[in-house]
Each structure stands twice: as C-alpha cells, then as structure tokens.
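Student: compute the structure for the input listed below.
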Amino acid sequence: MADVVLLANPKNLRRNKDNPRLIFHKDDLEALQKSIASQGILVPLTVFKDARGFRLLDGERRWRCAIKLGLSQVPVIVQPKPGRLQNIMMMFAIHHARKDWDPLPTALKLLDLQKEFARRNQREPTEAELAGLASLSRGEVRRLKKLLALPADYRQELLDELEKPRSEQILTVDHVIEATTAAALLRKQQIVDEAKEDILRRAIMGKFRSHVIKNTVAPRKLARLARAVGRREVSLLTARKVVDKLITLPKYDIDAAFRESVEQVDFEHQIEQQTVRLTGLLNEHRSRGYETSSALVEELRKLVEVIRKTIGGN
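Tutor: Now for the predicted structure:
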C-alpha cells in the first residue's frame, strides 16, 4: 500500500530533538530555499503524531525553508509514533547515507543512542550492536567514539567551526583527531607529560589554522617518532627537543620535526652501513697488496676532509 500524502501547516510541525543533524549551513539552506520557491517541495516530509501535534522524522531542512518562505502547506507522510530508542534508530537510518552530515553532532547523538539502549537493557551495547542500531559500520562507530573522547572544549570549538559558512571553515574533525592521536602516542612514550600533551595538541591545531601544517595526516609522522623512541632508534632527548620546537616556534612544522629526528636517524643509519662497507673494502684492498692509485688517494683525501667536518660539526 502506497504512503498517503497529506498537507500540513509547517507552523504545526516541530523538529525532532533526536535528529543527529545539529548544524544547518546557511549556504545550503539558501540553495534549497531557492529550489523550493521555484519548484515547491518535491519530496514529502515524514512526521509522526504526538500529544502536541506532528513531529518531524525526516525533512527538517525542507521544513525550515518552508517556514522562511511563509508557506501555508507542506506535503507530509504520517508514520506511527516510535518509542525513544526506535526514534533515534530511525533518525540514523533515514540520514546515515547523507554525505553532508557533520560527524561531531552525529557522535553526540550516538551517545544518546548508547545511553537509551543501556537504560532499556541494563547493559552497554557492544560495538557491533551500536553499529547495527545506528545503521553505521563498526569503523564509523569507532571514529565517532574518538570524537566523544575529546575534551568538552574541543568539541565546542568544532561545533563553533561548523556554524561558519563552509568556505570559512578551517579546522575539521579530522584535524583534531589526528592531532589528538599523535599527542597521545608521544605521551605514551613519555616524550611529553599530560600537561604538555594538550599544549602540543593546541599547537598543532593552531598550525592547521595558520596553514603552517597543510597536510591533514601530517601528525602521523609524530606517531612514527613515538615508535622510533620506543625502539630506541631516536633518543628521548632528541624527540623532546623537536616537540618543544613544534610548540614554541610558529613556523616550525611536523616535516621539520621529522627531518631532525626520525628521518635523520634513518639517513645516518644508511651512512653507518656504507661506512662499514667502505672500511671492509679498504681493508681488503690493503690485504691484497694493491698499489693505491693517485685517483683513489685523491678521493680518499676528500672523504677524510668531509669526515673531519662532519665530526667537527658534532
């Protein structure tokens, strides 16, 4: 049986408090409003009836535009009233494929879904159960939980950023997650303490804002630094030195920190290997009793000068 489409006054509709979408970008709404003004609402809103009238399940952007345009009627499809848990699940199911959904508001609503499940079942949902309830993959659930683990002031900062027009947004959820993960790994290796961990995270986010760091995944090089310290390939002193530069020097970026720590160690390891090989060849040359040519002598003298400068520089 086909859904019955009714006409309702948009002023008699109310938003759904369980809608994971909290941010409605002005430029998107203006584009949709122009479309509705010229063609009308082509896809009916989905609602359910409660004690105070109709509440939205799907179509809040269309409803907001209808109110702004002063429309007296909008097409609606009325669904049976869901319970709280079912309501949140339906909101996720309706919207989860929308590409323009912002992840942080979604994460906050996922927390509500988790709490409602726990209240009804007297236990926390497993990751698989939560993913099924929210019509998300387990990977998406893990990513959203990372956002929930952020300090409240970081979450608020991201929400404030989302309120801006898209063209003015700089700091993203991915920037904060990458900075947070890197700083946490450095603390795990005792390169920074808890207080400096937050200072470093703030410094990285500030450099994303100022475009000193342009690559979103650049902080992953700090994760490589943490692993190198754990394997004793990079000294704790060297790691702390480059991290302090990241915090204190405005133009110093993660690539520079990597060059002066992990990359330098890798390069010096290659020099060590080549030096061992060259020493072996020279010893073999002597053992064979070869007469040293003037060309080889000249190159060895150049090498001695380079070695002297390298050792002298340290």
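Student: now the strands for the stretch 1-150 of the chain?
Tutor: Counting by DSSP state E, counting those that start in this stretch, one finds strands in the stretch 1-150 of the chain at the ranges 5-8, 13-14, 45-50, 53-58, 74-79.
Student: now the ones you listed in JSON lines, with mean pLDDT?
Tutor: Formatted as JSON lines, these follow (pLDDT from 0 to 100):
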{"stretch": "strand 5-8", "mean pLDDT": "82"}
{"stretch": "strand 13-14", "mean pLDDT": "90"}
{"stretch": "strand 45-50", "mean pLDDT": "86"}
{"stretch": "strand 53-58", "mean pLDDT": "85"}
{"stretch": "strand 74-79", "mean pLDDT": "88"}
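Student: those: which one's closest to Leu110?
Tutor: strand 53-58 (17.9 Å; C-beta to C-beta). Backbone N, C-alpha and C define where each C-beta goes, glycine included.
Student: who does the closest one pair up with?
Tutor: strand 13-14 (parallel), strand 45-50 (antiparallel) (DSSP bridges).
Student: which one of those lies closest to Ser135?
Tutor: strand 45-50 (15.7 Å).
Student: now the angle between strand 74-79 and the closest one, please.
Tutor: Strand 45-50 runs at 60 degrees relative to strand 74-79, counting by axes from the mean of the first three to the mean of the last three C-alpha atoms, to 10 degrees.
Student: how about the strands paired with strand 53-58 in CSV, adding mean neighbour count and distance to Leu56?
Tutor: Formatted as CSV, the strands paired with strand 53-58 follow (neighbours: other C-beta atoms under 10 Å; distance: least, C-beta to C-beta, whole Å):
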stretch, mean neighbour count, distance to Leu56
strand 13-14, 18, 6
strand 45-50, 18, 6
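Student: format those as a markdown table; extra columns: distance to Lys164.
Tutor: As requested, these are exported to a markdown table (distance: least, C-beta to C-beta, whole Å):
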| stretch | distance to Lys164 |
| --- | --- |
| strand 13-14 | 27 |
| strand 45-50 | 27 |
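Student: so which of those strands is nearest Val76?
Tutor: strand 45-50 (4.8 Å).
Student: what does the closest one contact?
Tutor: With contacts defined as C-beta atoms under 8 Å, 6 or more residues apart in numbering, strand 45-50 is touched by 8, 13, 54-59, 62-63, 74-82, 94.
Student: one more time with 10 Å, if that's ok
Tutor: 3, 5-6, 8, 10, 12-14, 16, 53-63, 66, 74-82, 87, 90, 94 (C-beta atoms under 10 Å, 6 or more residues apart in numbering).
Student: so where's the stretch 151-300 of the chain uncertain?
Tutor: Applying pLDDT under 70 to the stretch 151-300 of the chain flags no residue at all.
Student: secondary structure class for the residue nearest in space to the middle of the chain?
Tutor: Central residue of the chain (C-alpha atoms, centre = their mean): Asp174, 1.7 Å from the mean position. Put simply, Asp174 is helix when judged by DSSP: H, G, I helix; E, B strand; the rest coil.
Student: list the contacts for it?
Tutor: 103, 143, 208, 216-217.
Student: return the distance of it relative to Val229.
Tutor: Here Asp174 is placed at a distance of 25 Å from Val229 (C-beta to C-beta, to the nearest Å).
Student: still on that earlier bit, and the contacts of strand 45-50, which are buried?
Tutor: 8, 10, 13, 16, 54-63, 66, 74-78, 82, 87, 90, 94 (16 or more other C-beta atoms under 10 Å).
Student: quick one: the helices in the stretch 151-300 of the chain, in order.
Tutor: 152-162, 173-188, 194-209, 220-230, 236-248, 254-258, 264-287, 294-313 (DSSP state H, counting those that start in this stretch).
Student: centre of the chain to the second one, how far?
Tutor: On the basis of C-alpha atoms, centre = their mean, to the nearest Å, helix 173-188 sits 9 Å off its chain's mean C-alpha point.
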